[in-house]
Every structure is written in structure tokens, then in C-alpha cells.
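Trainee: Build me a model from this:
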Amino acid sequence: MHLFRHIALLPILGLAVFTANAETVARVESPGKVLAVELDITEGRLAYRVLRFGEPVIDDSRLGFQLRGAEKLERNLALSSQTTRSHDETWEQPWGESRFVRDHHNELRARFTETIAPNRSFDVLVRVFDDGLGFRYELPEQPNLDEVIIDDELTEFALATPATAWWIPAGEWNRYEYLYDRTPVEQVTQAHTPMTVRTDDGLHIAFHEAALVDYAGMWLRRTEGRRFRAQLAPASEGWKVRRNAPFHTPWRTLQITDSAAALYASSDLILNLNEPNRLGDVSWFEPAKYIGIWWSLHLDTETWATGRKHGATTKNTKRYIDFAAEHGFRGVLVEGWNPGWDGDWFGNGYDFDFTRATPDFDIEALSAYATSKGVRLVGHHETACAVSHYEEQMEAAFAMNARLGIDSVKTGYVCDAGGIERRLDDGTVAREWHDGQWNSNHHQRVLEAAARHKVAINAHEPIKDTGLRRTYPNWVSREGARGMEYAAWGNPTNPPEHETNLVFTRMLSGPMDFTPGILSLQGRGQAIQTTLAKQLALYVVLYCPLQMAADLPENYARHMEAFQFIKDVPADWAETRVLDGEIGDYVTFARKDRNSEDWYLGSLTDEHGRLLQVPLSFLDPGRTYTAQIYRDGDGAHWQDKPFAFAREQREVTSADVLTLKLAAGGGQAIRFVAR
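Mentor: Model (predicted):
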């Protein structure tokens, strides 16, 4: 293939005119010929571009590496071979948003070799779906490329048209826990992925990565105009990645759709670019809901530390176990159960012990008591970023968890970004980033150790989700965004638009332990910016296979009518549909229970009220359902009437259209019970 493009740059502000010939050396289209990726060589430099129905989406964007102790791997390149193939299969998730996932793509593998010494080679592997694409570098074993130290990738993403971006800053102190900015693309500085943009002509694009293994996480640094470059999270040694060939990078991904609703559905692309399940039978993990000694700690009515206000006591935990058993919750999370919480533990977790409980928490008796009630304790391993200290104990800790029937553990890495403790062989301590290569490998070690003991991991302050739950299905959830605890703290609290931003940004990467269900609507001294009905809708909208009912038991007892939906809603789904939505404005989901014929709907809005028309065509035709509706009541408003709430019931079929009236800051939740 030898296609040529003539590029002429005209004089601008006195710049000289020059021309260049770009040779398109390889091309691959998606199965439905919606997207195309072309690889170009211009004067020995490699670039790619993306077209949709023949129109540019990503303009020519450079590819290559800045290597330590060697020349850049980006010049004097020529195509030395290429192959293509098509792939179409449907695979089953052990748990997830949908039971079955279709992987339908076309693939291009193109090898590029330097035309001068040292004649190094690398492959660019591209997989193109109708709603997105992924590409990665593969460095084969070769005489002139053994140990590879990457100072930076030269990978670029040049948006072809003006766009608005939804983004959070990367490389800053608070990890991923920021409110989303909405700005013109030209105002983005350095962003975490997923970063989502909407072009001026309505195209939706999400930039992310898949299968982040033994590599640094990718940030997006804007270099000029609408052009971004991959910026890898640093390592303590100064470089970004150190690997031995052969190896491959994570996938750099673009999800490209006409609508925000379709963008969420296209997140299957992230899963499809990961390797299949390596753990075998994981039926021991059961998606479920849990409660816990957690919200009280953020309200400061109880404490992690021992003493008069200690939350993790035997007596208090029994109370939570009894409540869970009475209302059908499988798990009880207890934070503050182990030594190490006294004093200043933030970023200083050297006193944590993960195999021993505090004197006022009888973990042996409580585990047995929970089991007798059909409930399991949910483990908690807060490292406070003393990660090497944790690794010395985690095998024994997971063994203890397994012995006590604790089959899921919430891990934590609370410290400022860049503060991960890594103990070197000589005993000195280096500091790593949460999304650096070393911490990426740490999470892998945790997963593998936990899997040996049939324990599932829910990581907080984690490295971002890149779909590894397909390969390691015991990595069931994580935080990696600004969760409900910020509504407790305030200063500032989460605004009404926050969750509608999350759906089309953070949630594109995978499940999130957002910890919804605060029916008291009250934080630490300030109201939460939500209505009661919206808290219920979050259970359908924000997917998590370990879903928390985060409020205090006594608050649920005060709102039993609304609490019924939280009791009923599943944590695992057979099918998911996004019925409508706009980034930061509103969204409506329908999900089918994996273990029954029932469907659930969740709809929520930002600070503006909405009137939405929702066809029920997702229901089985010819069948009648009882719609159990939990909605905002008359006059509801997040500011002055958040508790206005109504529960009603009606018979519906797939031919019906429901009108959803969402209050400002509100929502609606519906259970469709099949008859």
C-alpha cells in the first residue's frame, strides 16, 4: 500500500513555507467500516490518524519512545511487514454489567524497523471496533534491544475538531479525587484518563488505556492546541518504565460514538482488550451488597482509633451483623478493627497489623457470629501507603481472612500522590506514585496473593481501572474517583452534577465503590446535594458488584419505604442498557437482574429538573410487569425539599412509555417485577 498525501503549511506570522510527503503505509477498518486507522511515515517518522465515515477524528499523531541511554525510537523508520485479521466472539463474564460480551474487531499488526544502525524494530498492533479502537506497542526480542528504559512515550492524540472536555488533573496531590472540570479542550493542562470530550459537531470521544500491567499509568498532557501527548507516571529512579524485551505496552484506547449513551456501552472495548480469565473458576466470589462501620467515621461520631468513640468494637459490630441479617445484606465492613489507627496514620502506615485485632474487637467470635447469621465480615486493609510493610504481611493476612470466611477485602492507600512507600534492598525508602510502574506491579501482587486464598479485592486510592477484572476476576471494584465521603466532609461537597459526570468519565473504566444510599441526606454539618429518590437511583446507575448501603442502620430504620428499594436491587446484571443521557446533565439506565426476570431502572439529573420520556421497549414483549416506582415527590428540590418522596405502583408492558419527572438534584428508581 503506497498512498501519498501532500501537506502544505502556509506562511503564518512570518513562518517559512515547507511541504512534506506523508506515505500511508498501512490501514485497517472496523468490521462495519465505521472507523479506519491509517499509519503514515513522513521523512522516516511514524504517525497514525483516525477517520470516522471518512472524516478525520484524530489528525496525524506521532508514535515512538524516548529511551534512556539510547537514541529516540521514532526516526528513520520503514514498514518491514504487516498482517491483518478479523475476530468475532462472544464471551461470558462471571459477573458484570452484562453477562455476555461481544468482541468484534479487525486487527492490524505492522512492524517498523530503523533503516540505519542499530536497526531496532517494534510492532504497532491496532484493533478497531465500530465504536472505538485500541493500539499498543510490542517490542520483540532482538540483538540491539534487551533492557529498555523508557523516559517517555512520544504517543500523541491530536483532536481534529474543536471540542469540550470533561477532565480531572493528573500529577497532583489528590490522586483521582477531584470534581470534573468542563472546559474547551484548549484549556486542559494535564489530565487523568478516562478523559471524555464532545466535539462541536456532537461526536463523543473517551481517551483511556486498557490492560495496564507492569507499566506506568498514562496521563494526557496537552502540548499545543488540541494535541495531547502520553505522559507516563514517574518512578522514583527518574525514568518511567523499565522492562526487558520482549514486552508490550498497555493499549491506548479511544471510544468514539455519536452519543453519550452509546459511549458507556462502548466501554466493553476496555474489557475486550484485556486477556481472558487466568484464575479459572471464580464462582466463590458472590456479587452482593454490604453495610458497615464506615459512614459514622466520616461523620466523626465514631473513630477509627481506639478509645471512647471507637467504632470497631465487638458490641457495635454485632449490631451491624444483626441488621444485615434482618434485611438481607451479605456483608459487614468494619474499618478500624486492627492496630495502627491511633495517632497520625495518614501516609504513615508502619504501625498497621493486618493479622491481629484490637483488644475490643473479637474477630474470631464475630466471624463465627456472622456466619451463624448468614453474613460475612468484609475485611479492611488500610496501608496508609506503607506498601512494602503491607506486602510483608499480606499472605498471612489473606490466609487469616480465608480461615475466618472473609472472602472480600477493601484495601486502601491513603497518602498524597507520589507518597507510596517502597522499601529498597538496603532498607532505605523510595517514594512512588499511585499510578507508577512499581505500584502497578504491587496491585498485581495483591491480586495474586488474594486469589490464592479465594479473596476478592476492592481497592481504594487505587491505580485506575483498565479492565483487568477480566483477567483477574477477583479485582471486583475500586474507588479511583471522588466518592460519597466528600458529601460527608463538605468543603466542598459533591454537587448535583457529580454523578452524571462520573457515568461518562470514570465509570467508562469499570466498577466503582461509590458508597451510595445516604438516606439521611446529611453530612458532617451540611446537607448532601441530592434528593432521597436520587440516592436510590444511584444503585442502578453506578455499577459495583460489591455495592454498599453506606448509611447508618438507624437512618435506614427512619426511611423504610425508600430503604426497600436498596434491599431489593441486585448487585449483578444480565444486561445493561443506557436509555438516554448527556454528560454532566442527566442519564437513565435499565439493567436486568442476572438471577431473575426483573428489570431495574435508575434515572438521575444535575441541578436542573428534567421531564424525560422513556420507552419500556427493553422489557420482554407480550409480558406484564409490576412497576414499583420510587420517585421525587411534589415540590422536591435538593436545596429546600430533598425528602419529598413518593412510592407508587402500576402495571406496564414493553409497549408503554413512562414520563419521568426528576426534581432538581433528583432521580427516580423503578423495579419492574415480571409476572
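Trainee: Let me see the ranges of the strands in the stretch 351-500 of the chain.
Mentor: Secondary structure of the stretch 351-500 of the chain (DSSP state E, counting those that start in this stretch): strands at 376-382, 408-412, 420-423, 429-432, 456-459, 475-478.
Trainee: And the stretch 501-650 of the chain, by the same measure?
Mentor: Using DSSP E, counting those that start in this stretch, strands in the stretch 501-650 of the chain cover 546-548, 573-582, 586-593, 599-605, 610-615, 625-632, 645-652.
Trainee: how about those in TSV, adding mean neighbour count, distance to residue 388 and mean pLDDT?
Mentor: (C-beta placed from N, C-alpha, C; glycine too.) As requested, those are exported to TSV (neighbours: other CB atoms under 10 Å; distance: least, CB to CB, whole Å; pLDDT from 0 to 100):
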stretch	mean neighbour count	distance to residue 388	mean pLDDT
strand 546-548	27	27	98
strand 573-582	19	38	98
strand 586-593	24	41	98
strand 599-605	27	41	99
strand 610-615	15	50	98
strand 625-632	22	47	98
strand 645-652	14	49	98
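Trainee: With distance to residue 81 added, can I get those strands in JSON lines?
Mentor: Below are these laid out as JSON lines (distance: least, CB to CB, whole Å):
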{"stretch": "strand 546-548", "distance to residue 81": "46"}
{"stretch": "strand 573-582", "distance to residue 81": "40"}
{"stretch": "strand 586-593", "distance to residue 81": "45"}
{"stretch": "strand 599-605", "distance to residue 81": "49"}
{"stretch": "strand 610-615", "distance to residue 81": "50"}
{"stretch": "strand 625-632", "distance to residue 81": "56"}
{"stretch": "strand 645-652", "distance to residue 81": "58"}
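Trainee: Between these, which one is closest to residue 119.
Mentor: strand 573-582 (48.8 Å; CB to CB).
Trainee: What strands flank that closest one, and is each parallel or antiparallel?
Mentor: If you go by DSSP bridges, strand 573-582 pairs up with strand 586-593 (antiparallel).
Trainee: C-alpha coordinates for the strand it pairs with, CSV please?
Mentor: What follows is strand 586-593 as a C-alpha-only set of coordinates in CSV (Å, rounded to 0.1, in the frame of the first residue of the first chain):
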residue,chain,number,x,y,z
TYR,A,586,-28.8,13.5,33.2
VAL,A,587,-28.7,9.8,32.5
THR,A,588,-31.2,6.8,32.5
PHE,A,589,-30.1,3.2,32.9
ALA,A,590,-32.1,-0.1,32.6
ARG,A,591,-30.5,-3.2,33.9
LYS,A,592,-31.8,-6.8,34.0
ASP,A,593,-31.2,-8.9,37.1
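Trainee: which residues sit against it?
Mentor: Strand 586-593 is contacted by residues 97, 260-261, 500, 503-504, 540-541, 570, 572-581, 598-606, 610, 612, 614, 618, 660, 662 when judged by CB atoms under 8 Å, 6 or more residues apart in numbering.
Trainee: Please identify which of the strands of the stretch 501-650 of the chain is closest to residue 402.
Mentor: For those, proximity to residue 402 was assessed by CB to CB; strand 546-548 is nearest, at 17.2 Å.
Trainee: quick one: strands adjacent to that closest one?
Mentor: Counting by DSSP bridges, strand 546-548 is paired with strand 288-293 (parallel).
Trainee: Give me the buried positions along the strand it pairs with.
Mentor: 288, 289, 290, 291, 292, 293 (16 or more other CB atoms under 10 Å).
Trainee: mind putting those in a markdown table, pLDDT and distance to residue 516 included?
Mentor: Conversion of the buried residues of strand 288-293 to a markdown table gives the following (pLDDT from 0 to 100; distance: CB to CB, whole Å):
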| residue | pLDDT | distance to residue 516 |
| --- | --- | --- |
| 288 | 98 | 15 |
| 289 | 98 | 11 |
| 290 | 98 | 12 |
| 291 | 98 | 12 |
| 292 | 98 | 13 |
| 293 | 98 | 17 |
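Trainee: Could you dump these into TSV with distance to residue 465 added?
Mentor: What follows is the buried residues of strand 288-293, written out as TSV (distance: CB to CB, whole Å):
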residue	distance to residue 465
288	20
289	20
290	20
291	24
292	22
293	26
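Trainee: ok, which stretches of this protein are helices?
Mentor: In the chain, the helices defined using DSSP state H lie at 260-265, 268-272, 295-299, 314-327, 363-372, 387-391, 394-403, 437-452, 485-489, 498-503, 532-541, 553-558, 560-568.
Trainee: Can you say which of the ones you listed is packed in most?
Mentor: Most buried of the helices of the chain, by mean neighbour count (mean count of other CB atoms under 10 Å): helix 532-541, with a mean of 28.
Trainee: Show me what that helix packs onto, helices and strands only.
Mentor: Here helix 532-541 touches helix 498-503, helix 560-568, strand 586-593, strand 599-605, strand 625-632, strand 667-674, going by 3 or more CB pairs under 8 Å, 6 or more residues apart in numbering; DSSP states H and E.
Trainee: And the first one, how far out from the chain middle?
Mentor: Helix 498-503 has its C-alpha centroid displaced from the chain centroid by 12 Å (CA atoms, centre = their mean, to the nearest Å).
Trainee: Alpha carbons of it, as CSV, please.
Mentor: Taking Å, rounded to 0.1, in the frame of the first residue of the first chain, the C-alpha atoms of helix 498-503 are listed here in CSV:
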residue,chain,number,x,y,z
HIS,A,498,-21.1,15.0,40.0
GLU,A,499,-22.6,11.5,39.4
THR,A,500,-23.8,12.4,35.9
ASN,A,501,-20.2,13.4,35.2
LEU,A,502,-18.9,10.1,36.7
VAL,A,503,-21.1,8.0,34.4
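Trainee: Figure out which of the helices and strands packed on helix 532-541 is closest to residue 205.
Mentor: For the helices and strands packed on helix 532-541, proximity to residue 205 was assessed by CB to CB; helix 498-503 is nearest, at 15.8 Å.
Trainee: Now do the closest one: which elements does it pack against?
Mentor: Looks like helix 498-503 contacts helix 532-541, strand 573-582, strand 586-593, strand 599-605 (3+ CB pairs under 8 Å, 6+ apart).
Trainee: Need those in CSV (columns: distance to residue 412).
Mentor: Formatted as CSV, the helices and strands packed on helix 498-503 follow (distance: least, CB to CB, whole Å):
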stretch, distance to residue 412
helix 532-541, 22
strand 573-582, 27
strand 586-593, 28
strand 599-605, 28
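Trainee: From residue 348, how far out is residue 341?
Mentor: Noted for residue 341: a distance of 11 Å to residue 348, by CB to CB, to the nearest Å.
Trainee: Could you do residue 160 as well?
Mentor: From residue 160 to residue 348 the distance is 48 Å (CB to CB).
Trainee: same deal with residue 476?
Mentor: 28 Å.
Trainee: Please say which of the two ends up with more neighbours.
Mentor: residue 476 (25 against 17; other CB atoms under 10 Å).
Trainee: Without its sequence neighbours, what residue ends up closest to that one?
Mentor: Distances taken as CB to CB, 6 or more residues apart in numbering put residue 456 closest to residue 476, at 4.7 Å, once the chain neighbours are dropped.
Trainee: in terms of contact, does the one you found touch residue 287 like I think?
Mentor: No: contact criterion CB atoms under 8 Å: residue 456 and residue 287 do not qualify, at 9.5 Å.
Trainee: Now do the end-to-end distance for stretch 172-180.
Mentor: 14 Å (CA to CA, to the nearest Å).
Trainee: for that stretch, which positions count as buried?
Mentor: 172, 175, 176, 177, 179, 180.
Trainee: Residue 393: what's it in contact with?
Mentor: For residue 393, the contact set (CB under 8 Å, 6+ apart) comprises 353, 354, 355.
Trainee: I figured the second one hits residue 394, correct?
Mentor: Yes: the pair residue 354 / residue 394 is scored as a contact, 6.8 Å apart, by CB under 8 Å.
Trainee: intersection of neighbour lists for the two?
Mentor: In contact with both residue 354 and residue 394: residue 381, using CB under 8 Å, 6+ apart.
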